[in-house]
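Peer 1: what shape does this take:
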Amino acid sequence: MSKHYKIAVIVGSLRAASLNKKLANALTKLAPDNLHFEFISIGDLPHYNEELEAEVPAAWSAFRSEMNEVDGVLFVTPEYNRSVPGFLKNAIDVGSRPYGKSVWDRKPAAIVSSSPGALAAFGANHHLRQSLVFLNMPTMQQPEAYIGGVNKLLSEEGEISNEDTKSFLTTFITAFGGWIERHDDY
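Peer 2: The predicted model follows:
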């Protein structure tokens, strides 16, 4: 019997009807049985300011604690102005501090970027990868997941309605499960 892994899902969109949130939910349903997902909220994190470390905000403490308990991270994000949404970058900054106590260190990760447009949030995906390299997060390289036209690939109920997309995402999340296992002792 394989080991079970707790995976944080961080969605880079705060909208209640977020396509990225719907995609993340659908993706977790395609995952191997050994991956257990916990959606981690990032919308209530105060902006990172080192001066706040003297009296750490409760939201920062809760976020850091949740992240310390996971074995890996799945990021699902849109693109804002050819980069990651500001609150996603803020969560990365909050988790990376104080220096030497990063919650991200050595946690394997994967990125899915999506948008209704044809570029599929390519810029956000690659900007996020740059940050994850610095944070020492081994990030799955293949298969890459850029999902364009996501608004046409999900049903009203949030299920993946396109069989080719469903097949690809099944391959992606299965590969991520293998990536997590390979980095178990990292």
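Peer 1: now the residue most central in space within the chain, nearest residue through space, not along the chain?
Peer 2: The centre of the chain sits closest to Phe75, judged by C-alpha atoms, centre = their mean, with a distance of 1.2 Å. The shortest distance from Phe75 to any non-neighbouring residue, by C-beta to C-beta, 6 or more residues apart in numbering, is to Ile111 (4.7 Å). C-beta coordinates here come from the backbone N, C-alpha and C atoms, glycine included.
Peer 1: what's the distance between the one you found and Arg82?
Peer 2: Ile111 sits 15 Å away from Arg82, going by C-beta to C-beta, to the nearest Å.
Peer 1: can you report phi and psi for Val112?
Peer 2: Main-chain torsions, Val112, degrees, to the nearest 10: phi -120, psi 130.
Peer 1: what's the distance between it and Val70?
Peer 2: From Val112 to Val70 the distance is 17 Å (C-beta to C-beta).
Peer 1: compare these two and say which is more crowded by neighbours.
Peer 2: Neighbours per residue, other C-beta atoms under 10 Å: of Val112 and Val70, the larger number sits with Val112, 27 against 19.
Peer 1: could I get the contacting residues of that one?
Peer 2: Under the criterion of C-beta atoms under 8 Å, 6 or more residues apart in numbering, the neighbours of Val112 are Leu23, Ala24, Leu27, Leu74, Phe75, Val76, Thr77, Ala145, Ile147, Phe172.
Peer 1: residue contacts, Thr139?
Peer 2: With contact taken as C-beta under 8 Å, 6+ apart, Thr139 is in contact with Pro108, Ala109, Ala110, Ile111, Arg129, Leu132, Val133.
Peer 1: list just the nearest of those to Glu55.
Peer 2: The shortest approach to Glu55 among the contacts of Thr139 belongs to Leu132, at 29.0 Å (C-beta to C-beta).
Peer 1: apart from its neighbours in sequence, what residue is nearest the closest one?
Peer 2: Excluding its sequence neighbours, the residue lying closest to Leu132 (C-beta to C-beta, 6+ apart) is Thr139, at 4.8 Å.
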